[in-house]
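1. with the input below, show me the fold.
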Amino acid sequence: MQIDVAVHTITTYGGCTSIALVGSYLEHQLPSYGEDIGELEVHVYFMPRPTTEVFTDPYSTFITSLPNAKFLRAKKRFVINYLSRLGDTRVAEGFGPPKLDLFRQAAPEIVGELAAIAPKLKKGDAFDAPGFIAEMQRRLTCLPTTQEQFEALQAELKRARQERDAHLNPWDKLGVDWEDYHPRAREVLDDVFYWECADDFAPNGNDTGADVLTEYQEWRQSHRKSSVDAFFADLMTGWEVTWPAASHDEFSFRTHGEASIGLAFAQLKIDAGCEAPVRQRALEAIDLERQRMRERHPDWELLDERLKSLALLEAKLQGAPILPH
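-> Numbering: from 1, shown residues only. From the prediction side, this is the model:
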């Protein structure tokens, strides 16, 4: 079974290596408990920082509905969404290597949420929920207690992942469920780079781009014939992005640019084409980003790599199928 743990805050998706590592730990050398669940996704949400208007945005409203769980039988995927009790969004902020304390705090909370599996199973489902839960509980008794043990565990998990990935082709390594996208999406976006979910230079690999893709997937399900303009405008308003951005407003500049590019490629993935205004906005964002990188970061060690990625995005958009607006 593949176990993935993702972290959500009001502004980010993914990230937090300490909590995500719990999924790798629980999955490592796990025996089979039945063929009907091949993927387990655990989405950990965090409360926004305390404010007087905490429940005025869609994210804060959504987390009031948690926890919930879904068993997607046709895809053999089980999805659990819950609100963490470890604290607010500050718990999951920051970069750097995994932290032992947070790993140890997150593991019991995540395992506790796995109790949602059994009530969703039917008599004919081939999955031993009691046996699986018992194994998860046993693994909690084996958590590392010292930094040395923790680093050894990380090295073992990394080695196991590399060993597994060595037998996969680049497309399989992505772990993409192609049923979630247009049948022609892989033909339109024919390089694995466009599908990377952990590469900040990929269109939907950074936090903003990933959020745009998720939001667009959900929006499109109930707006099959609607133009994307309203979606983008509502998204920017909800994220409090001002455009055109003031010279000192780095948040609006970066978010608007990443969202513009992310949406164009989200539409290519979901609709196998791109509306002209969406494409134009993305091309303008790419050009602004290119200028910004050259002017502000001329000595950046990754400048050439970033410029090459922008050129790839630009070329793909210029040749992308255009959808009616």
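
2. just for the stretch 1-150 of the chain, where's the confidence low?
-> Applying pLDDT under 70 to the stretch 1-150 of the chain flags residues 14-15, 51-57.

3. let's go with 80 and repeat that
-> 11-15, 50-58, 94-95 (pLDDT under 80).

4. for it, what spans make up the strands?
-> 2-8, 39-47, 68-72, 77-88 (DSSP state E, counting those that start in this stretch).

5. C-alpha coordinates for the third one, CSV please?
-> In other words, strand 68-72. Only the C-alpha atoms of strand 68-72 are listed here, as CSV (Å, rounded to 0.1, in the frame of the first residue of the first chain):
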residue,chain,number,x,y,z
ASN,A,68,-14.3,13.4,6.6
ALA,A,69,-13.3,10.3,4.7
LYS,A,70,-14.0,8.9,1.2
PHE,A,71,-13.4,5.4,-0.2
LEU,A,72,-13.0,5.6,-4.0
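
6. what helices or strands is that strand leaning on?
-> Under the contact definition 3 or more C-beta pairs under 8 Å, 6 or more residues apart in numbering; DSSP states H and E, strand 68-72 sits against strand 77-88, helix 117-120. C-betas here are computed from N, CA, C, even on glycine.

7. repeat the analysis, applying 10 Å as the threshold.
-> If you count contacts as 3 or more C-beta pairs under 10 Å, 6 or more residues apart in numbering; DSSP states H and E, strand 68-72 packs onto strand 39-47, strand 77-88, helix 117-120.

8. now render those as CSV, adding distance to Glu314 and mean neighbour count.
-> Converted to CSV, the helices and strands packed on strand 68-72 look like this (distance: least, C-beta to C-beta, whole Å; neighbours: other C-beta atoms under 10 Å):
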stretch, distance to Glu314, mean neighbour count
strand 39-47, 33, 21
strand 77-88, 35, 18
helix 117-120, 45, 14
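
9. could I get the strands of the stretch 1-150 of the chain as TSV with distance to Ala285?
-> TSV is the format used below for the strands of the stretch 1-150 of the chain (distance: least, C-beta to C-beta, whole Å):
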stretch	distance to Ala285
strand 2-8	24
strand 39-47	28
strand 68-72	34
strand 77-88	31
